[in-house]
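In: Predicted structure and sequence below. I'll ask about it afterward.
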Amino acid sequence: DGGITQSPKYLFRKEGQNVTLSCEQNLNHDAMYWYRQDPGQGLRLIYYSQIVNDFQKGDIAEGYSVSREKKESFPLTVTSAQKNPTAFYLCATSTTEQETQYFGPGTRLLVL
Amino acid sequence: GNSVTQMEGPVTLSEEAFLTINCTYTATGYPSLFWYVQYPGEGLQLLLKATKADDKGSNKGFEATYRKETTSFHLEKGSVQVSDSAVYFCALSDPQKLVFGQGTRLTINP
């Protein structure tokens, strides 16, 4: 199946812990994105990458880090510096020619 | 910077009612405009898009027309179904990324 996979579906973080959210795609899309969704606030862009080994900060990058070592993968690490990490995290992809973004099923992060 | 404003929800309608969800935008240049839909616990799905002024996007009975003069992209459907219950997001293209509105929750009662 072609598509975008995010894992895990639910993730729990303890105080002071870093956690990593996975995003994998087999659509052969060049660009990948991470969004955070909070109730009633829409989606806010965390990081995005247009090409392997390159990425840019979005609107709310503080407390997060990413890597783009492979075209298929764009993992997001929520660090202990992110004081309010509870949210629904969405990964998206697009081709460089098109503006349309395609979304994965999301990961819900909860703090213990 | 570029921004999108949607009508506040929640919106509750009866089955077969007419639906309008308002969306206005502020942008430099002429961005592409999108409507996405999100069902409970899922990611976003593209519903329709329009890339230039006066274009009409349509899909699954939903329509929206790119109005440059009023900077609007209102979503409409002539007869809603219970299965249309979801959160709807309006978005515009900013170079290399999308800017989203806050979303409008729609509930359709049988």
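Out: Good, I have the coordinates. Numbers count the residues shown, from 1 in each chain, chains lettered A, B, ... in the order given.
In: Return the residues in contact with residue 4.
Out: I went with chain A, as the question did not name one. Going by CB atoms under 8 Å, 6 or more residues apart in numbering or on different chains, residue A:4 touches A:23, A:24, A:25, A:27, A:91, A:92, A:93, A:102, A:103, A:104, A:105, B:43. Just so you know, the C-beta spots here come from the backbone N, C-alpha and C atoms, and that holds for glycine as well.
In: wait, chain B
Out: B:23, B:24, B:25, B:26, B:90, B:91, B:92, B:99, B:100, B:101.
In: coming back round to it: now a ChimeraX select for only the buried ones of the contacts of residue A:4.
Out: Here is the ChimeraX command that selects the buried residues among the contacts of residue A:4 (16 or more other CB atoms under 10 Å in any protein chain shown):
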select /A:23,24,25,91,92,93,102,103,104 /B:43
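In: For residue B:82, state which of the contacts of residue A:4 is nearest.
Out: Within the contacts of residue A:4, distances to residue B:82 taken as CB to CB reach their minimum at residue B:43, with 21.3 Å.
In: Name the nearest residue to that closest one, ignoring sequence neighbours.
Out: residue A:103 (3.7 Å; CB to CB, 6 or more residues apart in numbering or on different chains).
In: Backbone dihedrals for the one you found, both of them.
Out: Torsion angles at residue A:103 (phi, psi; degrees, to the nearest 10) stand at phi -110, psi 150.
In: What residues are bridge-paired with it?
Out: Here residue A:103 sits in beta bridges with residue A:92, as judged by DSSP bridges.
In: who touches residue 24 in this structure?
Out: Assuming you mean chain A. A:4, A:5, A:6, A:72, A:73.
In: looking at chain B here, not the other one
Out: Each residue near residue B:24 by CB under 8 Å, 6+ apart is listed here: B:4, B:5, B:70, B:71, B:72, B:73.
In: Now it: which helix or strand?
Out: strand B:23-26 (DSSP states H and E).
In: which helices and strands does the lowest-mean-pLDDT helix or strand in chain B pack with?
Out: The least trusted helix or strand in chain B, going by mean pLDDT, DSSP states H and E, turns out to be strand B:97-100, with a mean of 92. If you count contacts as 3 or more CB pairs under 8 Å, 6 or more residues apart in numbering or on different chains; DSSP states H and E, strand B:97-100 packs onto strand A:43-51, strand B:3-6, strand B:86-94.
In: So what touches that strand?
Out: A:33, A:42-43, A:45, A:48, A:58, A:99, A:101, B:1-4, B:34, B:36, B:89-93.
In: Report the buried members of those.
Out: A:33, A:42-43, A:45, A:48, A:58, A:99, A:101, B:2, B:4, B:34, B:36, B:89-93.
In: Just list the residues touching the residue nearest to residue A:6 when sequence neighbours are not counted, thanks.
Out: The shortest distance from residue A:6 to any non-neighbouring residue, by CB to CB, 6+ apart, is to residue A:104 (4.1 Å). Residues near residue A:104 by CB under 8 Å, 6+ apart: A:3, A:4, A:5, A:6, A:23, A:25, A:90, A:91, A:92, B:43.
In: Any chance of TSV for the helices and strands packed on strand B:97-100, columns distance to residue B:61 and mean pLDDT?
Out: As requested, the helices and strands packed on strand B:97-100 are exported to TSV (distance: least, CB to CB, whole Å; pLDDT from 0 to 100):
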stretch	distance to residue B:61	mean pLDDT
strand A:43-51	25	95
strand B:3-6	20	94
strand B:86-94	13	95
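In: I'm done for today, thanks for sticking with me.
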